[in-house]
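Engineer: No sequence on hand, only this structure:
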């Protein structure tokens, strides 16, 4: 197709980076704009994807609040390499780290993809000429989160991605269902299943914080599918019902363990909450957790370190409540526990995740769905933690339900299995 000079996308403006300075409540709807941006020139190893659907990740909240630093700093640093990287330093940034759509243009060096292919975008942007990339791309110094540390991400009518970021779209899924799994699904896979994470085995008790969120809802499924025992922590009975629907064996409400919304608990409160949580887990499973799935950060990390069993593993990929963690180090060294840092996933881990989704073993966690024009509202939902699972965004797809090319497989898996969380969408959702 003939590419337009401009296209509509959810984006930030460099001129707005100071708008939340000294502001306590940073409303992403004020900074995130939906409007025309320029179409970049295509590099030889890149493709243009007509984005049918995308989704909201928490990194878009960070981008739109310009915290912990404005993501325009990432773009300037990347552009300083020169060459094709210079295109990323613009007065705007198209955000979004998920996309499902159709390849509509390929660069001269692209070999494995063609115009018309249905794809999802693996949101990890790496330098293929960096040696460590060929061992594990996540160790590369030039590894970047697409649509967060780069420009031209997924929340728009079009997106630009390297050919090495593409994975075939699961044929039985709609565009919006396919768009919600790449980032959160592969991140959870690496943390729990792959050889670079906790390496969960059958029978392991796995504590999942934020089990009803985008990451947690995939973690619960990977634990259950792999023969483990998921224990989910949630903040409401509504979210408890959602994770039960995903197969969570044990669900703990934060109120049961006296965990407040204080992001900076005292050491005494940490131990007390840990004892209450550990008692519940032992009562329900007969064991302390073998693995704790961490991404909440400061508010929970001390409890995670306390409650995980002797010789157990805390695997962490984020810190939404704060980056500076405090914990009693005696529980780490004297009880031979481990902490594993995990970030995103390499392409092989993404392919393995997608294969599980494509067979129906892992279900998309789509709940709410919004049109592109309402991407700021969708992001606000995630910012306020008012969502369940993943919040999708329709871009070029004119309506939900399109994109299925394997209807017989879809019928065999069943609509309820494919969409376990759609009934948890707010009234404002499509």
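Structural biologist: Arrived safely. Just so it is clear, the model here is predicted, and its values are computed rather than measured.
Engineer: Just give the number of residues close to residue 7.
Structural biologist: Residues near residue 7, counting by other C-beta atoms under 10 Å, number 21. (C-beta placed from N, C-alpha, C; glycine too.)
Engineer: helices and strands around the helix or strand containing it, which ones?
Structural biologist: For residue 7, the element it lies in under DSSP states H and E is strand 6-13. Secondary-structure packing of strand 6-13 (3 or more C-beta pairs under 8 Å, 6 or more residues apart in numbering; DSSP states H and E): strand 33-38, strand 92-94, helix 375-383.
Engineer: How far off centre is it?
Structural biologist: Taking C-alpha atoms, centre = their mean, to the nearest Å, one finds the center of strand 6-13 at 21 Å from the center of the full chain.
Engineer: Now the element after that strand, going C-ward?
Structural biologist: By DSSP H and E, the next helix or strand past strand 6-13 is helix 28-31.
Engineer: what's the single longest helix in this structure?
Structural biologist: helix 267-285 (DSSP state H).
Engineer: I'd like the distance from the one helix or strand residue 368 maps to to the chain centre, please.
Structural biologist: Under the criterion of DSSP H and E, residue 368 resides in strand 366-371. Strand 366-371 sits 15 Å away from the centroid of its parent chain (C-alpha atoms, centre = their mean).
Engineer: In the sheet, which strands lie alongside that strand, parallel or antiparallel?
Structural biologist: Strand 366-371 has its sheet partners listed here by DSSP bridges as strand 390-394 (parallel).
Engineer: what pairs with the nearest residue to residue 115 once chain neighbours are set aside across the strands?
Structural biologist: Of all residues not flanking residue 115 in the chain, residue 103 sits nearest, at 5.6 Å (C-beta to C-beta, 6 or more residues apart in numbering). Beta bridges link residue 103 to residue 49, judged by DSSP bridges.
Engineer: what sits against residue 103?
Structural biologist: 47, 48, 49, 50, 113, 114, 115, 116, 117, 119, 166 (C-beta atoms under 8 Å, 6 or more residues apart in numbering).
Engineer: Derive a ChimeraX selection command for the buried subset of those residues.
Structural biologist: In ChimeraX, a selection of the buried entries from these looks like this (16 or more other C-beta atoms under 10 Å):
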select :47,48,49,50,113,117,119,166
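Engineer: Serialize the contacts of residue 103 to a markdown table and add fields for secondary structure and pLDDT.
Structural biologist: Converted to a markdown table, the contacts of residue 103 look like this (DSSP: H, G, I helix; E, B strand; the rest coil; pLDDT from 0 to 100):
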| residue | secondary structure | pLDDT |
| --- | --- | --- |
| 47 | strand | 98 |
| 48 | strand | 98 |
| 49 | strand | 98 |
| 50 | strand | 98 |
| 113 | coil | 98 |
| 114 | coil | 97 |
| 115 | coil | 98 |
| 116 | coil | 98 |
| 117 | coil | 98 |
| 119 | strand | 98 |
| 166 | strand | 98 |
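Engineer: quick revisit: got the angle between the strand holding residue 368 and helix 375-383?
Structural biologist: 150 degrees (axes from the mean of the first three to the mean of the last three C-alpha atoms, to 10 degrees).
Engineer: Pull the residues that contact strand 366-371.
Structural biologist: With C-beta under 8 Å, 6+ apart as the test, strand 366-371 has contacts from 55, 176-177, 180, 242, 377-378, 381, 387-394, 400, 419, 421-422, 424-426, 428-430.
Engineer: Give the next helix or strand downstream of the longest helix of the chain.
Structural biologist: strand 291-294.
Engineer: pLDDT of the following helix or strand past that next one, averaged?
Structural biologist: As assigned by DSSP H and E, the chain's next helix or strand after strand 291-294 is helix 301-307. For helix 301-307, the mean pLDDT works out to 93.
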